[in-house]
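Trainee: The amino acid sequence is not available; the structure is as follows:
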């Protein structure tokens, strides 16, 4: 969560869910979900298109930063996965940024082929109805 | 998580954490964290710049879709917050897309002022070191 004032009186955030070689200085900045994850927003590095959101634990982030290949934690399969390892739709990492309160990453990649397992370029292809949009310009 | 094959043999995903008036057809598509949330990636609608990631429960999504004002669930304060209500840095919602497996939203907004409570335009201003980036072009 970002954009709102922090509340230092809140509960202690969850620690790492699994052992990791992640730099302790970076690990100390992460603010994880109850299952030890941060959200990774993935965008195409040059066009800026938002391709997908996946999840990283500490070790997935470590592998992403040190191998240059986007690596995630699968919530459904409870294992690491290197994007493209089975599909060939690799993500070559150009840069990674952490947000102001440590619970989200912005991963800029060079995406080979579609990012989505459905074959769409982006996973965000389902529009929801906004019934009362406010338009300011 | 997106981009990986689903595993239908996984545990039953968490249901809504709080009562909500969200359209049941949309609610049925959400795949929530253990604390009942989905990640909301917020971008500026015209430039495409990724501004922040926040969290929505079912009711925050309902309010976002029906009021046109981006509304989130604060994990630290355990309450709803309408972006800009105290800061004046409003987010007027232009469109909302759900990802292929229902655990992330892409919210396109017209952002007034900085999105980040630090005063930065975007919350993603901290670059992490990528020690072995692979470059494909």
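Mentor: Looks like it came in fine. Worth saying up front: this structure is predicted, and the values here are computed from it rather than measured.

Trainee: Now do the helix ranked longest in chain A, average pLDDT.
Mentor: Once chain A is assigned using DSSP state H, the helix that runs over the most residues is helix A:58-67. Helix A:58-67 shows an average pLDDT of 98 in the prediction.

Trainee: Any figure for the gap between the spatially most central residue of chain A and chain B?
Mentor: With distances taken as CA atoms, centre = their mean, the residue of chain A nearest its centroid is residue A:40 (0.7 Å). Residue A:40 sits 9 Å away from chain B when distances are taken as CB to the nearest CB, to the nearest Å. (C-beta placed from N, C-alpha, C; glycine too.)

Trainee: Please name the residues that touch that residue.
Mentor: Applying CB atoms under 8 Å, 6 or more residues apart in numbering or on different chains, one finds that residue A:40 lies in contact with A:53-56, A:70, A:72, A:104-105, A:107.

Trainee: Columns neighbour count on top of those residues, output as TSV?
Mentor: Below are the contacts of residue A:40 laid out as TSV (neighbours: other CB atoms under 10 Å in any protein chain shown):
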residue	neighbour count
A:53	29
A:54	31
A:55	24
A:56	28
A:70	27
A:72	29
A:104	28
A:105	26
A:107	28
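
Trainee: So which of those residues is the closest to residue B:78?
Mentor: Set against residue B:78, the nearest of those by CB to CB is residue A:104 (18.9 Å).

Trainee: how about the closest residue to residue A:82 other than its chain neighbours, phi and psi?
Mentor: Once flanking residues are discounted, residue A:82 sits nearest to residue A:71: 5.1 Å by CB to CB, 6 or more residues apart in numbering or on different chains. Backbone torsions of residue A:71, given as degrees, to the nearest 10, read phi -130, psi 130.

Trainee: follow-up on the earlier one: the longest helix of chain A near chain B anywhere?
Mentor: Yes - in terms of CB under 8 Å from any CB of the partner chain, part of helix A:58-67 sits within range of chain B, namely A:64-67.

Trainee: Which one (most neighbours) among those?
Mentor: Across the residues of helix A:58-67 next to chain B, the neighbour count under other CB atoms under 10 Å in any protein chain shown reaches its highest value at residue A:64, namely 26 neighbours.

Trainee: Now for it: which residues touch it?
Mentor: Listed by CB under 8 Å, 6+ apart, the contact set of residue A:64 reads A:56, A:70-71, A:93, A:96, A:107, B:130.

Trainee: out of those, who's nearest residue B:116?
Mentor: Of all the contacts of residue A:64, the one with the least separation from residue B:116 (CB to CB) is residue A:96, at 17.6 Å.

Trainee: which SS state does the closest one fall under?
Mentor: Following DSSP: H, G, I helix; E, B strand; the rest coil, residue A:96 is assigned to strand.

Trainee: That one touches residue A:63, doesn't it?
Mentor: No - contact criterion CB atoms under 8 Å: residue A:96 and residue A:63 do not qualify, at 11.6 Å.

Trainee: quick revisit: which secondary structure state is assigned to the residue nearest to the centre of chain A?
Mentor: Going by three-state DSSP, the secondary structure assigned to residue A:40 is strand.

Trainee: partners of it in the sheet?
Mentor: Counting by DSSP bridges, residue A:40 forms beta bridges with residue A:54, residue A:105.

Trainee: how near is it to residue B:78?
Mentor: 24 Å (CB to CB, to the nearest Å).

Trainee: Could you do residue A:106 as well?
Mentor: In terms of CB to CB, residue A:106 sits 26 Å off from residue B:78.

Trainee: do residue A:88 as well
Mentor: When CB to CB is the yardstick, residue A:88 and residue B:78 sit 43 Å from each other.

Trainee: do the same with residue A:48
Mentor: For residue A:48, the distance to residue B:78 equals 33 Å [CB to CB].

Trainee: what does residue A:42 give?
Mentor: Shown here: residue A:42 relative to residue B:78, a distance of 29 Å by CB to CB.
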